[in-house]
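A.B. asks: how does the following fold in three dimensions:
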Amino acid sequence: MQSSNNRAFKLATAVTSVLAASAAGAFDITSGDWKFSVAGNINVDYIYSSCQSAATAEAVTAGLACVGSASGSSVSNVGNGLLPAAFTFAVSTTQNGIDLAAHLGLYPGISTNDGGSPNLQDNGGATNTGLGTTGLDVRQVYMTFGNKDIGTFTLGRNFGLFGFDAIINDMTLPGVGVAGSASGPTPSNTTLGSIGFGYIYVDTLAQIDYTTPDVAGFNFTIGIFDPLNSLTDTDNTAKKAPGIHGKATYTLKFSDDMSFYASVTGISQKQNASAVVGTTLGPQIGTSATGEPVYGPLASVYAPYQYSSNGGDVFVKFDVAGFELDASYYYGKGMGTTALFFYADDGFGNARKSDGYLIQGTYKIGPVKLGVNYGVSKLDYANAADAAANPALLQENSKVTGGIYYSLTKNLTLLGEVTAAKAQAHNGDENKSTDVNAGAFLSF
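C.D. replies: Numbering: from 1, shown residues only. Presented below is the predicted three-dimensional model:
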């Protein structure tokens, strides 16, 4: 059986700011100097997965191709796609020449999520059973203030910078892409799309950012974010300093039907963690009948370590007369794969390198958009000892998706996608799977 970590395999994904965070709402209410806005989406897909059979599956640690069970290798689910449903609320005003705004995003799904987090279900528990209910996600809670002359400050929980442009332009955003947990018995509120297959999930982070005014098409953002623990930090060590991220963007519009956009993003965080290096006797809790000391349970011995997680990505997009070409690339050391700092080191402070790319082309003919994208995410060993200890560690997750998206109305899109995914380990083991989905996406 595939030994991919459940948390990585069931990664939650939602980038609903494309629908609401900075866009006009479905409706606006004005009271005095304040404006209240509401926006969001509801999306539903039928998802069919043909997974690697349990009899032929090979172990790929951090692999994202699905694996069947003893009862079969086909899985059907009805659920959300890459985005959960979303209801986002905003209030805004201008005071003393400063634009003020506050945002709150609520993200309900339609899958049965009784296992705690609606996006990190526990495969060991039967959460998708009768009399269950869905979960509610609160991913965005932030404020902004500034204006076009001084720039804008953003404070609160919002989407990060690293990997944002890759996912916000992913054609599978209203669809499914790689099914992820939807290929299993306890689906989360979201699928993977292309996460882990060309980019690392941007995630929502507690942060403080500053974005400069637009200067001849250029914008710059710099900020700090609440540091995250790496997946291998078994002792959940507190961090000594915040993470840092920054981004530069450039937009050039040639005409009404031709434009170019590019961005460069960087991210850095110091990792302070601890590794279990042995055990020791617990405290003496008494003596035996013969006078021998009796000790408590063995206690783990931790050794502190630290390393740096540094990464960067580049994104370019070219639009011309209905045709759009996107390309992104990321590289990191101590960044991990699929999610921020997942499998980022060997558990002893030796950082692993990772990189990946996503290439996408779409063409719109009237209400119909056709698209295809191909993505690859790679993970390297930290050293020879890491290779010896983890022969089945992921070498590469790759996938190709073809999709058709039909705008039945301005706000309702009907869609269908086919995705083929492959996970390959460094020792040559591999798994393959195919996902097919059809559904509807209503934005408002």
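
A.B. asks: mind checking the SS state of the residue lying farthest from the centre of the chain?
C.D. replies: Note on the chain: the largest C-alpha distance from the chain mean falls to T290, namely 59.0 Å (Cα atoms, centre = their mean). What DSSP: H, G, I helix; E, B strand; the rest coil gives for T290 is coil.

A.B. asks: list phi and psi for it.
C.D. replies: phi -90, psi 0 (degrees, to the nearest 10).

A.B. asks: same deal with A384?
C.D. replies: phi -60, psi -40.

A.B. asks: how many neighbours does it have?
C.D. replies: Close neighbours of A384, defined as other Cβ atoms under 10 Å, add up to 8. C-betas here are computed from N, CA, C, even on glycine.

A.B. asks: how close does it get to T134?
C.D. replies: 47 Å (Cβ to Cβ, to the nearest Å).

A.B. asks: pull the number of nearby residues for G105.
C.D. replies: Using other Cβ under 10 Å, G105 has 27 other residues around it.

A.B. asks: who's it bridged to?
C.D. replies: Beta bridges link G105 to T88, Q140, judged by DSSP bridges.

A.B. asks: show the model's pLDDT score for it.
C.D. replies: G105 is assigned a pLDDT of 93 by the prediction.

A.B. asks: thought G81 was touching S194?
C.D. replies: No. In this structure G81 lies outside contact range of S194 using Cβ atoms under 8 Å: 11.9 Å.

A.B. asks: which neighbours do those two have in common?
C.D. replies: Contact with both G81 and S194 is made by residues 172, 177, according to Cβ atoms under 8 Å, 6 or more residues apart in numbering.

A.B. asks: for the stretch 101-250 of the chain, what spans make up the helices?
C.D. replies: Secondary structure of the stretch 101-250 of the chain by DSSP state H, counting those that start in this stretch: the helices cover 164-168.

A.B. asks: beyond the worst-scoring helix or strand of the chain on mean pLDDT, next helix or strand please.
C.D. replies: Ranking every helix and strand in the chain by mean pLDDT, DSSP states H and E puts helix 6-9 at the bottom, with a mean of 38. As assigned by DSSP states H and E, the chain's next helix or strand after helix 6-9 is strand 27-31.

A.B. asks: what packs against that following strand?
C.D. replies: In terms of contacts (3 or more Cβ pairs under 8 Å, 6 or more residues apart in numbering; DSSP states H and E), strand 27-31 is packed against strand 34-50.

A.B. asks: if we go to 10 Å?
C.D. replies: Counting contacts by 3 or more Cβ pairs under 10 Å, 6 or more residues apart in numbering; DSSP states H and E, strand 27-31 is packed against strand 34-50, strand 86-95.

A.B. asks: among those strands, which comes closest to Y357?
C.D. replies: When the helices and strands packed on strand 27-31 are ranked by proximity to Y357, the top entry is strand 34-50, at 24.7 Å, counting by Cβ to Cβ.

A.B. asks: now that closest one against strand 27-31, angle please.
C.D. replies: 160 degrees (axes from the mean of the first three to the mean of the last three Cα atoms, to 10 degrees).

A.B. asks: sheet partners, orientation included, of the very next helix or strand once past strand 34-50?
C.D. replies: Following strand 34-50 in sequence order, the next helix or strand is strand 74-79 (DSSP H and E). Paired strands of strand 74-79, with direction, are strand 34-50 (antiparallel) (DSSP bridges).

A.B. asks: avg pLDDT for the strand it pairs with?
C.D. replies: Across strand 34-50, the average pLDDT comes to 95.

A.B. asks: buried residues in it?
C.D. replies: 35, 37, 39-43, 45, 47-50 (16 or more other Cβ atoms under 10 Å).

A.B. asks: just the closest of the residues you listed to P304, please.
C.D. replies: S49 (42.1 Å).

A.B. asks: once you drop chain neighbours, what's closest to the closest one?
C.D. replies: Counting by Cβ to Cβ, 6 or more residues apart in numbering, S183 is the residue found nearest to S49 once chain neighbours are left out, at 3.9 Å.

A.B. asks: and for Y330?
C.D. replies: Nearest one to Y330, counting by Cβ to Cβ, 6+ apart, is D313 at 3.9 Å.

A.B. asks: quick check: bridge partners of the one you found?
C.D. replies: Applying DSSP bridges to D313 yields these beta-bridge partners: T265, Y330.
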